[in-house]
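Student: my questions concern the predicted model and sequence given below.
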Amino acid sequence: MLPKDFAPDNYERLLTDKISAIANDFEALGAPVPAVVTSPKDAFRMRAEFRVWHEEDDLDFVMFDREAPKIPVTISEFPIASKAIQATLAPLQCALKSNPELRRRLFQVEFLSTQSGEVLVTLIYHRQLDDAWENEARTLAKTLDISLIGRSRGQKVTLTQDWIEESLTINKQIYRYKQPEQAFIQPNAYVNERMIEWAMGQIASPDTDLLELYCGIGNFTIPLATQFRRVLATEVSKVATRAAVDNLALNKVDNVEFARLSAEEMTVALAGERSFRRLASLEYPLEDYELRTVFVDPPRAGLDDGTLSLVQGFDEILYISCNPLTLIDNLATLVETHSIEALAFFDQFPYTPHLECGVHLKRRPGT
């Protein structure tokens, strides 16, 4: 559902209040005055998902308030979604409502879109999908000019493709990304572009190598590869790793190697405590890398103790976080050995308490 504080006219004040709630915690850690990257006030979310609510002949897209989780809130408009998603909502709802085969036991609808207007829709069911469903779904996809996937327990039906291609403009250069349906995608494309530009502006070390943990589909990896001799990037998700490899080819990048390892496994490997067969295919063995900079973009829980200890061994740390609270907790440890050189707040999630943060840390002399 729309954020409760959705009020474009009050956007600047709401963002200021959000930053004020955490700014003192960063200042206490020695952080400099932060850069602040604002978001478009509407049409900024490139993905969305809704439950499907059936009431006799009606079919509605709904969401639920955490404070009233059993009461559906009908979504007739969703102005925070991309223009492409907004344009697809009503025609899709109407088509599903009038088609018995497509609406039968339909449970959820998910959208993924691009800045150029591509839309990928996933329909999730509480039943197995058959030829009759597929025939109707193909007609729907053609009518609405969308890519369409059907899912049920243990079943996935892809009618054309299960990904869309996004183009991001970073420092006036265009980067292309294959974005699969089930991989994590940064939800706010405009702010994502500014995040990548900020990260690239923090450091360039063409004679040394970069270690990236939690690389996903290569969102940061590919532009950052222009700043370093080589990049070793890790990601545990098979879907994301396959897309990352494809994205290297899309962008003609040849100085990145991907390892399908978790951050915890890479910590163990770099410490020499265990070898992994998934590292055996690397063109360059670990010992050939000159890793002085580490880039991390962890999940909301932040860095675990082992990974936190690992990154403290690097001269420079670039840390992107979707949770200021766990970031502040991690920084309390990192500032024992590193100073905060730069801080940035990125408003990926306007009208909510959530705030994306970027921190550049550099090792203190003598530590």
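Tutor: Nice, I can see it. This is a predicted model, so every value here is computed, not measured.
Student: which stretches of the stretch 151-300 of the chain form strands?
Tutor: For the stretch 151-300 of the chain, applying DSSP state E, counting those that start in this stretch gives strands covering 155-158, 163-170, 173-180, 205-213, 228-234, 256-259, 291-296.
Student: so which of these comes closest to Ser147?
Tutor: Closest approach to Ser147 among those (CB to CB): strand 163-170, 6.5 Å. Where C-beta positions appear, they are placed from N, C-alpha and C, glycine not excepted.
Student: phi, psi of Ser98?
Tutor: Recorded main-chain torsions at Ser98 are phi -90, psi 0, according to degrees, to the nearest 10.
Student: for it, give me its contacts.
Tutor: Going by CB atoms under 8 Å, 6 or more residues apart in numbering, Ser98 touches no other residue.
Student: need the pLDDT of it.
Tutor: Ser98 is assigned 97 on the pLDDT scale.
Student: report the residue spans of the stretch 1-150 of the chain with pLDDT below the cut-off.
Tutor: Low-confidence segments of the stretch 1-150 of the chain, defined by pLDDT under 70: 1-3.
Student: in JSON lines, list the strands of the stretch 151-300 of the chain along with mean neighbour count and mean pLDDT.
Tutor: Shown next, in JSON lines, are the strands of the stretch 151-300 of the chain (neighbours: other CB atoms under 10 Å; pLDDT from 0 to 100):
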{"stretch": "strand 155-158", "mean neighbour count": "14", "mean pLDDT": "98"}
{"stretch": "strand 163-170", "mean neighbour count": "19", "mean pLDDT": "98"}
{"stretch": "strand 173-180", "mean neighbour count": "18", "mean pLDDT": "98"}
{"stretch": "strand 205-213", "mean neighbour count": "19", "mean pLDDT": "95"}
{"stretch": "strand 228-234", "mean neighbour count": "23", "mean pLDDT": "96"}
{"stretch": "strand 256-259", "mean neighbour count": "21", "mean pLDDT": "93"}
{"stretch": "strand 291-296", "mean neighbour count": "22", "mean pLDDT": "97"}
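Student: need the ones you listed in a markdown table (columns: distance to Arg66).
Tutor: A markdown table is the format used below for the strands of the stretch 151-300 of the chain (distance: least, CB to CB, whole Å):
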| stretch | distance to Arg66 |
| --- | --- |
| strand 155-158 | 29 |
| strand 163-170 | 30 |
| strand 173-180 | 28 |
| strand 205-213 | 31 |
| strand 228-234 | 33 |
| strand 256-259 | 37 |
| strand 291-296 | 29 |
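Student: closest to Lys18 out of these?
Tutor: Ranking those by proximity to Lys18 (CB to CB) places strand 291-296 first, at 22.9 Å.
Student: can you list contacts of the closest one?
Tutor: Strand 291-296 has contacts (CB under 8 Å, 6+ apart) with 199, 203, 205, 208-214, 220, 224, 228, 232, 263, 303, 307, 310-311, 314-320.
Student: contact partners of the helix or strand following that strand?
Tutor: Downstream of strand 291-296, the next assigned helix or strand under DSSP states H and E is helix 305-311. Applying CB under 8 Å, 6+ apart, the contact partners of helix 305-311 are 213, 263-264, 266-268, 270-271, 294, 296, 298, 303, 317, 319, 330, 333-334.
Student: by contact count, what packs against the biggest helix by length in the chain?
Tutor: Longest helix in the chain by number of residues, with DSSP state H as the criterion: helix 11-28. Contacts defined by 3 or more CB pairs under 8 Å, 6 or more residues apart in numbering; DSSP states H and E place helix 11-28 against helix 324-334, strand 338-346.
Student: Ser167 is nearest to which of these?
Tutor: Nearest of the helices and strands packed on helix 11-28 to Ser167, taken as CB to CB: strand 338-346 at 19.7 Å.
Student: for ChimeraX, what selects the buried ones among the contacts of helix 305-311?
Tutor: The following ChimeraX line selects those of the contacts of helix 305-311 that are buried, judged by 16 or more other CB atoms under 10 Å:
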select :213,263,266,267,268,294,296,298,303,317,319,330,334
